[in-house]
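In: Next comes the sequence, and after it the predicted model I'd like to discuss.
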Amino acid sequence: MNHFLDIHKTNASDLRGMIDQARKMKDARKGLPKGTPDADQPLANHLVALIFEKPSTRTRVSFDVGVRQLGGQTLVLSGADMQLGHGESIADTARVLSRYVDMIMIRTFDEATLLELAEHATVPVINGLTDRTHPCQIMADILTFEEHHGPIKGKKVVWTGDGNNVCASFLHAAGQFGFDLTFTGPESLDPEQEFVDFARSKGSTITLERDADKAVEGADLIVADTWVSMHDDKAAAKHNLLQPYQVNEHLMAGAKSDALFMHCLPAYREQEVTTAVLDGPQSVIFDEAENRLHAQKAVMRWCLGK
């Protein structure tokens with residue numbers, strides 16, 4: 001049994017295996033209707049609980065469809081259904097759910113909820129997102145980059161804006177997949193030093209650059225995310241701080257001519273990124289969105305040793 005809690009907690013060779021398997025599974029589905037089951041059914045007779053304390057579009061749909069394509073069934077539970085930690089303890093909830101289902105995916109706020117659930121569950125637990133990290137998204141992003149530009153090892157990724165949970169998982173991935181990452185954003189929104197230190201300990205070059213134009217020089221990939229995350233009460237202040245880090249045509253022109261642009265969505269047009277970039281030829285945002293499905297299917301197979 002394997003939990004998928006964070007990229008830095010998963011063996012690098014296993015991560016590479018998941019990316020390679022995701023690509024094979026995606027290729028095998030070309031031309032098939034979306035509802036067609038995969039030829040291989042590793043989740044046949046398996047039930048997966050999908051817990052959403054935070055609302056979701058891509059996470060919910062991609063996991064639900066992925067389980068079905070792999071032959072399993074889903075049980076979707078909202079925060080209101082569960083009330084994790086507000087009545088029955090998280091530990092007891094984990095123990096009870098483990099008697100009913102074969103795997104648990106949770107999208108929650110506090111990282112401690114995820115960790116406690118995993119500690120007491122006797123089935124695999126997958127991190128669908130916490131306020132600190134978002135590993136499934138970055139697995140999809142690695143898959144997307146390599147579809148377009150080959151191996152990401154040795155490449156330069158630039159993160160613009162807020163050093164948030166998605167940025168944290170990108171830093172973990174830099175260390176595990178061997179690419180370099182430059183963060184460009186205001187000092188007050190720097191990523192946690194722990195994440196930077198992990199990537200550096202693995203040999204990745206991690207740079208913090210306040211000048212966005214300098215940051216994107218030689219970039220193979222530029223990544224942005226919404227300036228104001230869900231339930232963030234500092235919207236106005238963040239917008240003022242982050243305006244110099246908007247990804248626009250001028251900023252993209254400073255990167256390599258074939259640099260890609262990514263955004264995990266939802267995107268707020270003309271805020272963190274302009275429509276011209278979002279809908280432009282370098283944008284691969286919808287490939288990213290699709291690849292959540294394929295990457296997560298590979299993650300689920302790995303969790304169950306399949």
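Out: Done, it's in. Everything numeric here is computed off the predicted structure, so don't read it as measured data.
In: Report the secondary structure element holding residue 300.
Out: For residue 300, the host element (DSSP states H and E) is helix 285-303.
In: ok, which stretches of the stretch 151-300 of the chain are helices?
Out: 165-177, 193-201, 212-215, 235-242, 249-253, 275-278, 285-303 (DSSP state H, counting those that start in this stretch).
In: mean pLDDT lowest for which of those?
Out: By mean pLDDT, the lowest-scoring of those turns out to be helix 235-242, with a mean of 81.
In: Packing partners of it?
Out: Here helix 235-242 touches no other helix or strand, going by 3 or more C-beta pairs under 8 Å, 6 or more residues apart in numbering; DSSP states H and E. Bear in mind the C-beta positions are built from the backbone N, C-alpha and C, glycine included.
In: Can you give the distance from it to the centre of its chain?
Out: How far helix 235-242 lies from its chain's middle: 24 Å, per C-alpha atoms, centre = their mean, to the nearest Å.
In: Give me the residues contacting it.
Out: Contacts to helix 235-242, defined as C-beta atoms under 8 Å, 6 or more residues apart in numbering, come from residues 161-162, 185-186, 188-189, 227-228, 232, 271-272.
In: From those, list the buried ones, please.
Out: Among these, those classed as buried by 16 or more other C-beta atoms under 10 Å are 161-162, 185-186, 189, 227-228, 271-272.
In: could I get the residues you listed as TSV with pLDDT?
Out: Listed next are these as TSV, based on pLDDT from 0 to 100:
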residue	pLDDT
161	97
162	96
185	98
186	97
189	96
227	91
228	79
271	95
272	97
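In: and which of these is nearest residue 203?
Out: For the buried ones among the contacts of helix 235-242, the closest approach to residue 203 (C-beta to C-beta) belongs to residue 185, at 23.5 Å.
In: Tell me the spacing between the closest one and residue 277.
Out: Counting by C-beta to C-beta, to the nearest Å, the gap from residue 185 to residue 277 is 17 Å.
In: Residue 295 contacts residue 140, correct?
Out: Yes: at 4.2 Å, residue 295 counts as touching residue 140 under the criterion of C-beta atoms under 8 Å.
In: Low-confidence regions, the stretch 51-200 of the chain specifically.
Out: Along the stretch 51-200 of the chain, the parts satisfying pLDDT under 70 run over 85.
In: which residues does the closest residue to residue 162 other than its chain neighbours contact?
Out: Computed as C-beta to C-beta, 6 or more residues apart in numbering, the closest residue to residue 162 that is not its neighbour in sequence is residue 189, at 4.6 Å. Residues counted as contacts of residue 189 (C-beta under 8 Å, 6+ apart) are 161-164, 238, 241-242.
In: quick one: contacts for residue 147?
Out: 23, 287, 291 are the contacts of residue 147 under C-beta under 8 Å, 6+ apart.
In: By neighbours, which of those wins?
Out: The residue in the contacts of residue 147 with the most neighbours, by other C-beta atoms under 10 Å, is residue 291 (25 neighbours).
In: So the nearest residue to that one once chain neighbours are set aside: helix, strand or coil?
Out: Leaving aside its sequence neighbours, residue 291 sits nearest to residue 140 (C-beta to C-beta, 6+ apart; 4.1 Å). Here residue 140 takes the helix state, with states given by DSSP: H, G, I helix; E, B strand; the rest coil.
In: Could you tell me how far residue 165 is located from residue 265?
Out: Look at residue 165 and residue 265: by C-beta to C-beta, they are 14 Å apart.
In: quick revisit: let's have the contacts of residue 147 in JSON lines, adding distance to residue 64.
Out: Shown next, in JSON lines, are the contacts of residue 147 (distance: C-beta to C-beta, whole Å):
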{"residue": "23", "distance to residue 64": "21"}
{"residue": "287", "distance to residue 64": "20"}
{"residue": "291", "distance to residue 64": "16"}
